[in-house]
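Chemist: structure, please.
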Amino acid sequence: MAGVPPGGEYKDLVLFLATAGVVVPIFRRWRVSPILGFLGAGVALGPFGLSALEQSFPWLHYFTVDRPEQIAQLAEFGVVFLLFTIGLELSWERLRTLRRLVFGLGGLQVVVCAASIAGVGFLLGLSPVAATTVGTALSLSSTAIVMPLLGEQKRQYSNTGRAAFSILLLQDLAVAPILVTIAILGDNNGESFSPRLLLAFAPAALGLLGLVALGRLVLRPMMKSVARAKSHELFVAACLLVVLGSGLIAAVSGLSMALGAFVAGLLLAETEYRHEIEATVEPFKGLLLGLFFVSVGISLDLSVVIAEPATILGSMLGLMLLNGIVIFALGRLFGLKGIVALETALLLAAGGEFAFVILNSAMGAGILAKAVGQALLVSSTLSMFCIPLLATLGSKLRSRVSLRVAEALPESLPDAEEPRVLVVGYGRVGRLVADMLTRHRVSWIAIEREPALVEAARREGRNVFFGDASRPDLLRRLGLDAALAVVVTMDSPEGAEAVVTTAREARRNLTIVVRARDARQAKRLYGLGATDAVPETFEASLQLSEALLVEIGVPMGLVIASIHERRDEFRRELNNPDALGGRTRRVRKITDS
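Modeler: Model prediction:
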């Protein structure tokens, strides 16, 4: 690029990575939400932060973002990946169970909050169309901030988390119609609604139906084909293709990219690849969401705050107060307990990322004056800075009230939240173990690396997922933190050892039972932290001995007792660092003599 020093085109990327690698860990150490770290870094790096001091201190140029518009464009993918992972965790069945909260509570929230804000805007002198546009924009909360906050607290499946998610989901669904309406009103110079408005929704509806139909036909076979290749790189590429491709198809249809990605996530949530996909896209989601928060901080025009502090702060507080009161009242109307409704209201009181899209579209269409739009954007941005603080306040109020709220309805819990045995490997041994667990009414979930075995098990209605169990993030998504035990039945010694190491590091008090090929591998597995290692050769020898002794007339009781005694002796030998070695040395000495 002309006029850019060598390497200068990468400066913005380096600054962002420095923020993610240096600033955010410091915030975590201080027990402050990393979101505030990204937002604060965005303010400092942006044109209204350190850039304002460049004339006096030219060296600050190396610590400021040169092309914020490019960062903002890339940052939009953070919300796209967030909605995709939400879809993966939800599934169509769980969405059906939440329909009352989504379309009832969520729908009323958008309508009532938009009408209330529009009414205030109209009283302050805005035209009916401009007031309505402002009302719809400021009634939408921040999915990109609220859902990660709930995820950090592991409360996305609590009653508060379900209510907040339901409202946020309906808000995301409402963005596309709002944008289409603004475009039509802009074409009509904001004069009035027309019958064309209804026809304008047709491409979006057809695009959504086409996306669902295409996804059902293509997604599972594609992921199956990629999984058979047994290449992690190809699997990552396929996941990125699904997220970005579904988003682009939705965008071409007039919908938001985030909604398209959400639909793709819903379609994949019913497949055996769900957990592996979720673990694969998680790093991309985290980085891109961080970039999104940085871009929000960059867009904060501090000059407007300094020029009109009373107006900006008054608008911000009024927005949060009005939204909070409406959401609390609606939550109580829909049967939420007081503390749940209050926490939900605090989380969703502030503005959201889609306010940028809607207000900028309205200003571009000539519906809203630029001065008013810019002031509202700054107020909305400042309110987003308050979300982590409001979440902390809600959490403290919940603790102070000491009200034990049921964390989730059974039908809305994800698979990973139920305490169960995690079976790693679903070949011949894993299937037999799972059958025995079922006979004793012990809940289980299995993970298998071979796509053909997973597909066959899924056809039988078994709770088996595709994935690599040596990845700690995947084990956690399958419920490692709440698991009763982990049983590793893999026939690969290296794979079994990797899983034991990962599981033990993730949870020190976990029961881990492992299949081993021989005594030597069993000893290694004990050293890695296995609770019990079962060598195939030894157990086969014990079974042969048992059958032989019974057939030649030894009483069954004595045989079983001796088998158990020999098994205990063998375990002690394996767990004693010197026992097995000493036994081996004695055998060698006898042989040599």
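Chemist: and Val487, that's in a helix?
Modeler: No: applying DSSP: H, G, I helix; E, B strand; the rest coil, one finds Val487 to be strand, outside a helix.
Chemist: OK, contacts around it?
Modeler: Going by CB atoms under 8 Å, 6 or more residues apart in numbering, Val487 touches 421-424, 430, 433, 512-514. Yep, even glycine has a C-beta here, placed from its N, CA and C like the rest.
Chemist: which of the residues you listed fall in helices?
Modeler: 430, 433 (DSSP state H).
Chemist: now, the most widely separated pair of the contacts of Val487?
Modeler: Gly430 and Ile512 (14.7 Å; CB to CB).
Chemist: re earlier: tabulate the contacts of Val487 (TSV), appending pLDDT, neighbour count and distance to Gly254.
Modeler: Shown next, in TSV, are these (pLDDT from 0 to 100; neighbours: other CB atoms under 10 Å; distance: CB to CB, whole Å):
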residue	pLDDT	neighbour count	distance to Gly254
Val421	92	20	47
Leu422	94	25	43
Val423	95	25	45
Val424	94	27	45
Gly430	91	25	47
Val433	90	21	51
Ile512	94	23	51
Val513	92	18	54
Val514	92	27	53
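Chemist: list just the nearest of the contacts of Val487 to Thr311.
Modeler: Leu422 (55.9 Å).
Chemist: show me how the chain divides into domains.
Modeler: 1-18+42-64, 68-302, 412-592 (automatic domain parsing).
Chemist: determine which stretch of those is the most buried.
Modeler: Of all the domains of the chain, domain 68-302 has the most neighbours on average by mean count of other CB atoms under 10 Å, namely a mean of 20.
Chemist: so Ile447, which of the three states?
Modeler: Applying three-state DSSP: Ile447 is strand.
Chemist: chain center to stretch 467-475, what's the gap?
Modeler: Counting by CA atoms, centre = their mean, to the nearest Å, stretch 467-475 is centred 15 Å from the centre of its parent chain.
Chemist: what's in contact with that stretch?
Modeler: 232, 273, 275-276, 278-279, 282, 422, 424-425, 447-449, 478, 480, 488, 495, 498-499, 501-503, 505-506.
Chemist: those residues in strands, which ones?
Modeler: 422, 424, 447-448, 488 (DSSP state E).
Chemist: name the helices or strands packed onto the helix or strand containing Gln543?
Modeler: Element membership for Gln543 (DSSP states H and E) is helix 536-551. The contact analysis (3 or more CB pairs under 8 Å, 6 or more residues apart in numbering; DSSP states H and E) places helix 536-551 against helix 519-528, helix 556-575.
Chemist: now the first one - C-alpha only, PDB.
Modeler: Written as PDB, here are the backbone C-alpha positions of helix 519-528 (Å, rounded to 0.1, in the frame of the first residue of the first chain):
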ATOM      1  CA  ALA A 519       0.200 -54.600  32.400                       C
ATOM      2  CA  ARG A 520       2.800 -52.200  31.100                       C
ATOM      3  CA  GLN A 521       0.300 -49.800  29.700                       C
ATOM      4  CA  ALA A 522      -1.900 -50.200  32.700                       C
ATOM      5  CA  LYS A 523       1.000 -49.100  34.900                       C
ATOM      6  CA  ARG A 524       1.500 -46.000  32.700                       C
ATOM      7  CA  LEU A 525      -2.200 -45.200  32.900                       C
ATOM      8  CA  TYR A 526      -2.100 -45.400  36.700                       C
ATOM      9  CA  GLY A 527       0.800 -43.000  36.600                       C
ATOM     10  CA  LEU A 528      -1.200 -40.600  34.500                       C
END
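Chemist: hmm, who's touching it?
Modeler: With CB under 8 Å, 6+ apart, helix 519-528 has contacts from 493, 496-497, 500-501, 504, 514, 516, 533-535, 537-538, 570, 574-575, 580.
Chemist: for this structure, just list every one of the strands.
Modeler: 421-424, 444-448, 464-466, 485-488, 512-516, 532-535.
Chemist: partners of the first one in the sheet?
Modeler: What that stands for is strand 421-424. strand 444-448 (parallel), strand 485-488 (parallel) (DSSP bridges).
Chemist: ok, residues contacting the longest one?
Modeler: The one in question is strand 444-448. Counting by CB under 8 Å, 6+ apart, 275, 415, 420-427, 430, 434, 437-438, 454, 457, 462-467, 469, 474, 478-479 sit against strand 444-448.
Chemist: ok, now with 6 Å
Modeler: Residues outside strand 444-448 that contact it (CB atoms under 6 Å, 6 or more residues apart in numbering) are 420-424, 426, 434, 437, 454, 463-465, 467, 469, 478.
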